[in-house]
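In: quick check, what structure comes out for this input:
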Amino acid sequence: MGRRLAAALAALGLEVRILCLPHEQPTMEAFFAGSGPGPQGASKAGKVSIVIGDITRKESLAPGLQGVETVFHLAAVLLAPGRPEIFQSVNADGTRNLMEASQAAGAGHFIYVSSISVEYPRSNAYSRSKAQGETWVKASRIPYTIVRPCLAYADGGALEFMGFVDHLRRGPIVLLPAGGRALKSPVHIDDLVAGLSALPGNPKAFGKTYAFSGGEILSLRRMASLVTAHMGRPKPIVGVPAWICLLGLGALWLLEKATGRKSAFTFQTYTGLIQDAAPSHLAAAQDLGYRPRGFREGLAGLVSLRGVLGKCPR
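Out: Numbering: from 1, shown residues only. Below you'll find the predicted structure:
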């Protein structure tokens, strides 16, 4: 999302400075030189520069923030099986570090990309860390905007969505916790970027929190059905009762303790699959002109997942 946003802002003629970790620098340089995956010559319409820093090290942030008017904070750890302390150090404390450094540098607008999971009744270590990040942002002296995206997806990308796709690919049937009844509103990354691009310096957005959901609400079961059909692999979908899922999580935890082998199915994954995440994006539509596409339309463009030609069932 960060690279696509930087390219979009540059295309608007803005000067963009990207903060990245040292090991990310070659990938970033290739992307904006047009040799990596992404738009060729994305930086030609504006100026893009790259600075090295780490939001867990506050002292490393000042050079990159000098002269910056708007700060977009997208850096976060999404998944950390067996290491919940990373969520605290990066997502919570890292947000505080970047906010304080931005304040010291005189930035005029701080835009924090949080997560719709902060609204979950049943929280997890990730959602709590993002909620703590929001607390630091709201306590600042800088005009701020908080964005809570729903499940993001894109062709060949978006970590959580691709994890869901990997689950759908395995085995002859699809197992979904609690019958897959949870309501979701997946949002295409290009729509997220369009919404974020409308924020810098926009006084309507100051002090606001926006939900960035997709243009369609559907159950997790329906999502699974559409994606497997799109891949050319329609499968039976079987609901797994919550108590069996919790027993399974306990067994996986014991296995991890005994072998050190981490499972992709964690409490964080479970809570994400059983809870609704389909908020209204009306406020973003009114203030920002946010108009996301529906999931069926977005799914049709995911060429990398298409197994056979044909339309998804409606």
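In: show me where the stretch 151-300 of the chain has its helices.
Out: 159-169, 189-197, 220-230, 242-259, 267-274, 282-288, 295-300 (DSSP state H, counting those that start in this stretch).
In: which strands or helices does the first one pack on?
Out: Looking back up the chat, that one is helix 159-169. For helix 159-169, the contact count by 3 or more C-beta pairs under 8 Å, 6 or more residues apart in numbering; DSSP states H and E identifies strand 152-153, helix 220-230 as packing neighbours. All C-beta atoms are positioned from the backbone trio N, CA, C, and that covers glycine.
In: quick check: angle from it to helix 267-274?
Out: 80 degrees (axes from the mean of the first three to the mean of the last three C-alpha atoms, to 10 degrees).
In: same deal with the longest one?
Out: In this structure, helix 242-259 runs at an angle of 160 degrees to helix 267-274, with the same axes, to 10 degrees as the basis.
In: which helices and strands sit right next to helix 242-259?
Out: helix 267-274.
In: dump the helix it packs on to PDB, restricted to CA.
Out: Provided in PDB are the C-alpha atoms of helix 267-274 (Å, rounded to 0.1, in the frame of the first residue of the first chain):
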ATOM      1  CA  PHE A 267      -6.000 -16.600  17.900                       C
ATOM      2  CA  GLN A 268      -5.600 -13.400  15.800                       C
ATOM      3  CA  THR A 269      -6.600 -15.200  12.700                       C
ATOM      4  CA  TYR A 270      -9.600 -16.800  14.500                       C
ATOM      5  CA  THR A 271     -10.900 -13.500  15.900                       C
ATOM      6  CA  GLY A 272     -10.500 -11.900  12.500                       C
ATOM      7  CA  LEU A 273     -12.600 -14.600  10.800                       C
ATOM      8  CA  ILE A 274     -15.500 -14.800  13.200                       C
END
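In: surely residue 173 meets residue 238?
Out: Yes: Residue 173 is in contact with residue 238 according to C-beta atoms under 8 Å; the separation is 5.4 Å.
In: let's verify residue 68: helix, strand, or coil?
Out: State at residue 68, reduced to three classes by DSSP: H, G, I helix; E, B strand; the rest coil: coil.
In: which among the helices and strands packed on helix 159-169 is found nearest to residue 243?
Out: helix 220-230 (18.3 Å; C-beta to C-beta).
In: got a list of contacts for the closest one?
Out: Outside helix 220-230, the residues that touch it by C-beta atoms under 8 Å, 6 or more residues apart in numbering are 164-165, 168, 174, 176, 179-184, 186, 218, 234-235, 237, 239, 273, 295-296, 299-300, 302, 305-307, 312-313.
In: right, and the helices of the stretch 151-300 of the chain - which one's nearest residue 110?
Out: Nearest of the helices of the stretch 151-300 of the chain (C-beta to C-beta): helix 189-197, 12.9 Å.
In: what helices and strands are in contact with the closest one?
Out: So helix 189-197, by 3+ C-beta pairs under 8 Å, 6+ apart, packs with helix 2-11, strand 144-149, strand 152-153, strand 208-212.
In: among the ones you listed, which is nearest residue 26?
Out: Closest among these, using C-beta to C-beta: helix 2-11, at 13.0 Å.
In: can you pull the pLDDT of the residue of the chain positioned farthest from its centre?
Out: Going by C-alpha atoms, centre = their mean, the residue of the chain most distant from its centre is residue 258, 32.2 Å out. Looking at residue 258, its pLDDT reads 78.
In: from residue 252, how far off is it?
Out: Going from residue 258 to residue 252 by C-beta to C-beta, to the nearest Å gives 11 Å.
In: ditto for residue 215
Out: 36 Å.
In: same thing with residue 273?
Out: Residue 273 is 15 Å from residue 252, by C-beta to C-beta.
In: one more: residue 151?
Out: On the measure of C-beta to C-beta, residue 151 and residue 252 end up 23 Å apart.
In: so for these two, which sits in the more crowded spot?
Out: residue 151 (23 against 18; other C-beta atoms under 10 Å).
In: pull the CA atoms of the helix or strand bottoming out on mean pLDDT in the chain into CSV?
Out: Lowest on mean pLDDT, DSSP states H and E among the helices and strands of the chain sits helix 242-259, with a mean of 81. Coordinates of each C-alpha in helix 242-259 appear next as CSV, following Å, rounded to 0.1, in the frame of the first residue of the first chain:
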residue,chain,number,x,y,z
ALA,A,242,-16.4,-22.2,17.6
TRP,A,243,-15.7,-24.6,20.4
ILE,A,244,-13.8,-27.0,18.0
CYS,A,245,-11.8,-24.0,16.7
LEU,A,246,-10.8,-23.1,20.2
LEU,A,247,-9.8,-26.6,21.1
GLY,A,248,-7.7,-26.7,17.9
LEU,A,249,-6.0,-23.4,18.9
GLY,A,250,-5.1,-25.0,22.2
ALA,A,251,-3.7,-28.0,20.5
LEU,A,252,-1.7,-25.9,18.1
TRP,A,253,-0.3,-23.9,21.0
LEU,A,254,0.9,-27.0,22.8
LEU,A,255,2.4,-28.3,19.6
GLU,A,256,4.3,-25.0,19.1
LYS,A,257,5.6,-25.2,22.7
ALA,A,258,6.8,-28.8,22.1
THR,A,259,8.3,-28.4,18.6
